[in-house]
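**Student:** Mind looking at a prediction? Sequence and model below.
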Amino acid sequence: DVSAVTLFKDYGGVTDPLYDELVAPLLHVLPMGPGYDISAAAALSCFHVFALQSRGAFDVRWCRGGITEKIFRPWQERLEARGNVVLRGG
């Protein structure tokens with residue numbers, strides 16, 4: 001059996017950054033699991049059905065930059081400015 005991660009990285013030539021930023025997140029939401037736990041056949045089947053046959057319904061926007069700086073920090077600042085919450089964490 002060939003895992004999805006082996007298929008994409010070893011046989012498909014997908015780079016580590018591309019795998020980490022695109023393929024791995026899709027594997028977590030389509031067949032719902034990490035690449036090492038999903039067979040290559042299951043991954044390709046999910047990509048075919050959900051991404052290729054449903055192009056109009058598959059709308060993805062990738063963040064240009066880190067999501068903390070682009071999304072979560074501005075959101076936190078707005079919430080705190082309104083006096084709603086004080087968020088703490090790493």
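**Tutor:** Structure received.
**Student:** quick one: low-confidence parts of the chain?
**Tutor:** Judged by pLDDT under 70, the chain has its weakly predicted residues at 51-62, 87, 89-90.
**Student:** May I see the buried residues of the helix ranked longest in the chain?
**Tutor:** Determined from DSSP state H, the single longest helix within the chain is helix 73-81. For helix 73-81, a neighbour-count test (16 or more other C-beta atoms under 10 Å) marks Q76 as buried. Bear in mind the C-beta positions are built from the backbone N, C-alpha and C, glycine included.
**Student:** Can you say which helix or strand has the residue nearest the centre of the chain in it?
**Tutor:** For the chain, the residue nearest the mean C-alpha position is P25 (2.2 Å; C-alpha atoms, centre = their mean). Using DSSP states H and E, the element containing P25 is helix 24-29.
**Student:** Using CSV, write out every CA atom in that helix.
**Tutor:** Extracted in CSV, the C-alpha atoms of helix 24-29 (Å, rounded to 0.1, in the frame of the first residue of the first chain):
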residue,chain,number,x,y,z
ALA,A,24,-1.9,18.3,3.8
PRO,A,25,-4.7,20.8,4.7
LEU,A,26,-6.8,19.3,1.9
LEU,A,27,-6.2,15.8,3.2
HIS,A,28,-7.3,16.9,6.6
VAL,A,29,-10.7,18.1,5.3
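**Student:** list the buried ones in whichever helix or strand comes after it?
**Tutor:** The element immediately downstream of helix 24-29 (helix or strand, assigned by DSSP H and E) is helix 40-46. Within helix 40-46, the residues that count as buried by 16+ other C-beta under 10 Å are 40, 42-43, 46.
**Student:** With stretch 27-38 instead?
**Tutor:** 27, 30-31, 35, 38.
**Student:** Likewise for stretch 16-26?
**Tutor:** Those would be 19, 23, 26, for stretch 16-26 by 16+ other C-beta under 10 Å.
**Student:** What distance separates the opening and closing residues of that stretch?
**Tutor:** 15 Å (C-alpha to C-alpha, to the nearest Å).
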